[in-house]
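A.B. asks: have a look at this prediction, sequence included:
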Amino acid sequence: MTAASSPTPALAGVQAIAQAYAAADAAAAFLAIDAYAHATLAHALCTINRYDAGAMRVLRLYSSNPVAYPPGGSKDKAGTAWGRHVLQERRVFVGEGEDAIREFFDDHGAIRELGLRSVINVPVVYGGACLGTVNFLMPRPAVSDADVHAARLAGLLALPAFQALDRP
């Protein structure tokens, strides 16, 4: 890249994530990861949650729509199929269509009102432990394998921010 050329959107996204990590700013990293993933996923909502394994709860750290889903909100996932799948078994969850969203999410009405019809939830895992999730909700009723791969990459990009949250 020459001094006169501009970085591609993908490179600009990577640079924004790198700058956030260089500044030790997890919130800026989450924002940059959301923007970077949006170029591929065209999602309408991104949330990032920290997982408290002892309480089997997730706490929202980041939301691209803080009015509908404010940071600080939490959800109890004890005894839920979603909690077992994503948090305990550490597997990506893909929900396609309104029926899947209604089946797995208590807040399905709010999700429907936002016009969201599919979801990809990515567990952020290190050393066999789930630290949290990166979640993308889309208005389209189905997602592709490429969408799932892009969401998984976003989850990997979020790992340093989750690790930093546990440091004194």
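C.D. replies: Received, thanks.
A.B. asks: quick one: low-confidence parts of this protein?
C.D. replies: Counting by pLDDT under 70, the chain contains low-confidence residues at 1-5, 167-168.
A.B. asks: off-centre distance for the longest helix along it?
C.D. replies: Counting residues, the longest helix found in the chain (DSSP state H) is helix 145-165. Distance, stretch centre to chain centre, for helix 145-165: 7 Å (C-alpha atoms, centre = their mean, to the nearest Å).
A.B. asks: name the helices or strands packed onto that helix?
C.D. replies: helix 9-22, helix 26-41, strand 45-52, strand 118-126, strand 129-138 (3 or more C-beta pairs under 8 Å, 6 or more residues apart in numbering; DSSP states H and E). C-beta coordinates here come from the backbone N, C-alpha and C atoms, glycine included.
A.B. asks: please repeat the previous calculation with a cut-off of 10 Å.
C.D. replies: helix 9-22, helix 26-41, strand 45-52, strand 57-63, strand 93-96, strand 118-126, strand 129-138 (3 or more C-beta pairs under 10 Å, 6 or more residues apart in numbering; DSSP states H and E).
A.B. asks: next structured bit after the shortest one?
C.D. replies: Meaning strand 93-96. helix 98-104 (DSSP states H and E).
A.B. asks: so what touches that next one?
C.D. replies: Contacting residues not belonging to helix 98-104 are listed as 80-83, 85-86, 93-95, 97, 107-109, 111-112, 116-119, 121, 137, 141 [C-beta atoms under 10 Å, 6 or more residues apart in numbering].
A.B. asks: how about the residue positioned nearest the centre of the chain, what does it touch?
C.D. replies: Centroid-nearest residue in the chain, with C-alpha atoms, centre = their mean: residue 134, separated by 1.9 Å. Residue 134 makes contacts with 30, 33-34, 37, 46-49, 62, 120-124, 151-159, 161-162, as judged by C-beta under 10 Å, 6+ apart.
A.B. asks: could you do residue 80 as well?
C.D. replies: Counted by C-beta under 10 Å, 6+ apart, residue 80 has contacts 56, 86, 87, 104, 105, 106.
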